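> Pasting the sequence and the predicted coordinates here, then a few questions.
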Amino acid sequence: MRHMSVLEKIFGKKKKEFKAFCNVSREPVEKGYGFLLTTAQVVASRAYWDKVMTEPDTMSYTINHFKNNDAMATQIRNMIFEKYSGIEKPWIISDSCIHWFDVDKNKARQHAESWWASEGDYTPENAGTAGNTLKNDEFDEIRHYAVMEAGRERVR
């Protein structure tokens, strides 16, 4: 074993620790924890869309969509749907957010373990954009809910 020079110790390339943040809440996910979901699994959740469409950044569009029948607000809600449903990579989800998704939690945990072991390179089957992995009618039904209905309960 060769000894490191002082300069190598100071300037040596240290491998960055692999870290993850929940793709929904942005909270840190401890190594080995969390759940790995596909985009289709995420966007299929009505609870997820109710949350997304009533966040501080999006609530004004939701209010204008429902109260003022504002076509621009509806179009922005559609753009939000397109953004999230178009994500190719799988989503790491924290323990505090998994309840929004109707998925096999054991399988999602196993996928997360593989994802951690590969430092984020693992991809479960059926990953990819929701438009490419869901049947057209299923995708259209999800889009309709996300754009036209999500958040209605919060607007009175």
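That came through, no problem.
> for this structure, longest helix please?
Longest helix in the chain by number of residues (criterion: DSSP state H): helix 71-85.
> In this structure, mark out all the helices, start to finish.
6-11, 39-43, 46-52, 59-67, 71-85, 105-117, 130-133, 136-144.
> Quick one: closest of those to residue 33.
Closest to residue 33 of these, according to C-beta to C-beta: helix 105-117, at 7.3 Å. Bear in mind the C-beta positions are built from the backbone N, C-alpha and C, glycine included.
> List the buried residues of the closest one.
Buried residues in helix 105-117, counted by 16 or more other C-beta atoms under 10 Å: 108-109, 111-112, 115-116.
> Show the average pLDDT along it.
Over the span of helix 105-117, the pLDDT mean works out to 97.
> what about that helix, distance to the chain center?
15 Å (C-alpha atoms, centre = their mean, to the nearest Å).
> Over to stretch 117-131?
12 Å.
> CA-only coordinates of that stretch, as PDB, when you get a sec.
Taking C-alpha atoms only, stretch 117-131 is exported to PDB below (Å, rounded to 0.1, in the frame of the first residue of the first chain):
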ATOM      1  CA  ALA A 117     -27.600  -0.200  -3.600                       C
ATOM      2  CA  SER A 118     -27.000   1.100  -7.200                       C
ATOM      3  CA  GLU A 119     -26.800   4.700  -6.000                       C
ATOM      4  CA  GLY A 120     -29.800   5.700  -8.000                       C
ATOM      5  CA  ASP A 121     -29.100   3.800 -11.200                       C
ATOM      6  CA  TYR A 122     -31.700   1.100 -10.600                       C
ATOM      7  CA  THR A 123     -35.000   1.400 -12.500                       C
ATOM      8  CA  PRO A 124     -38.000  -0.800 -11.800                       C
ATOM      9  CA  GLU A 125     -40.000  -2.300 -14.700                       C
ATOM     10  CA  ASN A 126     -42.700  -0.100 -16.100                       C
ATOM     11  CA  ALA A 127     -40.700   3.100 -15.300                       C
ATOM     12  CA  GLY A 128     -40.800   6.000 -17.700                       C
ATOM     13  CA  THR A 129     -43.300   8.700 -18.500                       C
ATOM     14  CA  ALA A 130     -46.900   8.000 -17.500                       C
ATOM     15  CA  GLY A 131     -48.000   8.600 -21.100                       C
END
